[in-house]
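>>> Need a 3D model of the following:
(one chain, ligands or ions: 1)
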Amino acid sequence: MAERRRRACLSCPELRAPGGHPIHRLAGASGSGVCGLCSCAVEKKVMLPTESCPAPAPDDPALDRWGEPRD
Ligand code: SF4
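The predicted structure is shown next:
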């Protein structure tokens, strides 16, 4: 799950460079890219089953960019 999500994030146009935000440093994710839509550190986000990608898949709006069903 996490690896598939990570690959999607790393090729996503919304991915931003690590921002060094204090909350990311506290979470040990200061070197991680950041999602431009939700500001989450993607290296942490992709590992959490409760997380979801905020963007629809380009080819199927019923799925997110991780290929998972949207809420
Ligand atoms: S969580 Fe979704 S929108 Fe954000 S960087 Fe990853 S794939 Fe892109």
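>>> List the buried residues of the helix or strand harbouring residue 7.
For residue 7, the host element (DSSP states H and E) is helix 2-10. Under the neighbour-count criterion of 16 or more other CB atoms under 10 Å, helix 2-10 has 5-6, 8-9 buried. Where C-beta positions appear, they are placed from N, C-alpha and C, glycine not excepted.
>>> which stretches of the protein form strands?
Ranges of strands in the chain, per DSSP state E, are 15-16, 34-35, 56-57, 60-64.
>>> Tell me which of these sits most buried.
Each of the strands of the chain was scored by mean neighbour count; the highest is strand 34-35, a mean of 22, by mean count of other CB atoms under 10 Å.
>>> re the thing from before, out of the buried residues of helix 2-10, what pair is the most spread apart?
Farthest apart among the buried residues of helix 2-10 by CB to CB are 6 and 8. That separation is 7.3 Å.
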